[in-house]
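K.L.:
here is a sequence together with a model predicted from it:
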Amino acid sequence: MSDTLIRCPWSIKTQTETIYHDEEWGVPCRDDQKQFEFLVLESAQAGLSWSTILNKRAGYKKCYHNFKPEIVAEFTEQDVESLLQDPSIVRNRKKIEASINNARCFLEIVAKYGKFSKYIWDFVDGKPICNSWKEITELPAKTQLSDLIAKDLKQKGFKFLGSTTIYAHMQATGLVNDHLTSCFRYETIKNFK
């Protein structure tokens with residue numbers, strides 16, 4: 001990593017955030033397991049900093065069986081109680097229960113559409129939305145599209161996934177390119193398919 005690279009300002013606070021920004025954030029993701037991972041992590045983030053979640057990501061990966069929705073969907077009340085004792089994740093009952101519920105809803109979407117990725121990418125006609133933000137203050141917390149997706153997911157039974165969480169998910173999984181135009185990743189991400 002070169003210190004001469006210009007990055008989105010949020011990504012330079014910690015090395016973990018920088019690596020995440022440089023390697024993952026905004027890269028178009030069509031892998032269902034990775035989509036589920038980000039749904040779990042973004043939902044867990046509500047009310048917390050993203051750096052907190054990134055620092056607990058390995059814990060989530062272990063506790064959530066590498067983010068396999070078919071395993072998480074089978075979690076029992078005993079599993080919930082065990083997770084509530086594990087400091088490697090955010091120990092919030094509502095968030096944990098929502099993640100299990102959402103795994104079940106996720107699998108229902110997979111059954112209906114073939115892939116969760118197909119379902120979510122259809123909202124952007126299969127192509128990332130490439131924004132042209134110059135300042136971090138221009139980035140929205142949510143959009144009409146994230147409102148629409150969040151509403152649809154809620155109708156499908158998802159919990160703890162409002163419009164702001166969904167917009168963060170869209171940014172993380174590359175449905176939108178919200179790297180600032182001055183960021184070295186902007187053009188690279190723009191050319192991803």
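P.N.:
The structure has been received and is ready for your questions. Numbering: from 1, shown residues only.
K.L.:
other SSEs contacting the helix or strand of the chain with the lowest mean pLDDT?
P.N.:
One helix or strand of the chain scores below all others by mean pLDDT, DSSP states H and E: helix 184-190, with a mean of 93. In this structure, helix 184-190 makes packing contacts with strand 176-177, judged by 3 or more C-beta pairs under 8 Å, 6 or more residues apart in numbering; DSSP states H and E. Where C-beta positions appear, they are placed from N, C-alpha and C, glycine not excepted.
K.L.:
tally of neighbours for Asp152?
P.N.:
Asp152 is flanked by 15 other residues according to other C-beta atoms under 10 Å.
K.L.:
figure out the helix or strand that it lives in.
P.N.:
Using DSSP states H and E, Asp152 maps to helix 144-155.
K.L.:
wait, what's in contact with Asn92?
P.N.:
Taking C-beta atoms under 8 Å, 6 or more residues apart in numbering as the criterion, Asn92 is in contact with Ala44.
K.L.:
and for Lys62?
P.N.:
Ser88.
K.L.:
any idea how far it lies from Ser88?
P.N.:
Distance, Lys62 to Ser88, by C-beta to C-beta, to the nearest Å: 7 Å.
K.L.:
what comes into contact with the least confident helix or strand of the chain?
P.N.:
Residues from elsewhere that reach helix 184-190 (C-beta under 8 Å, 6+ apart): 5-8, 21-22, 25-28, 128, 130, 174, 177, 179-180.
K.L.:
at 6 Å what do you get?
P.N.:
The contact list for helix 184-190 (C-beta atoms under 6 Å, 6 or more residues apart in numbering) reads 5-6, 26, 130, 177, 179.
K.L.:
could you do stretch 34-44 as well?
P.N.:
Stretch 34-44 has contacts (C-beta under 6 Å, 6+ apart) with 53, 67, 69, 90, 95, 99, 106, 116-117, 160-161, 165, 168-169, 172-173.
K.L.:
max pairwise distance over those: which two?
P.N.:
Maximum pairwise distance in these, criterion C-beta to C-beta, is 25.5 Å, between Val90 and Ser117.
K.L.:
quick revisit: buried ones among the contacts of helix 184-190?
P.N.:
26, 130, 177, 179 (16 or more other C-beta atoms under 10 Å).
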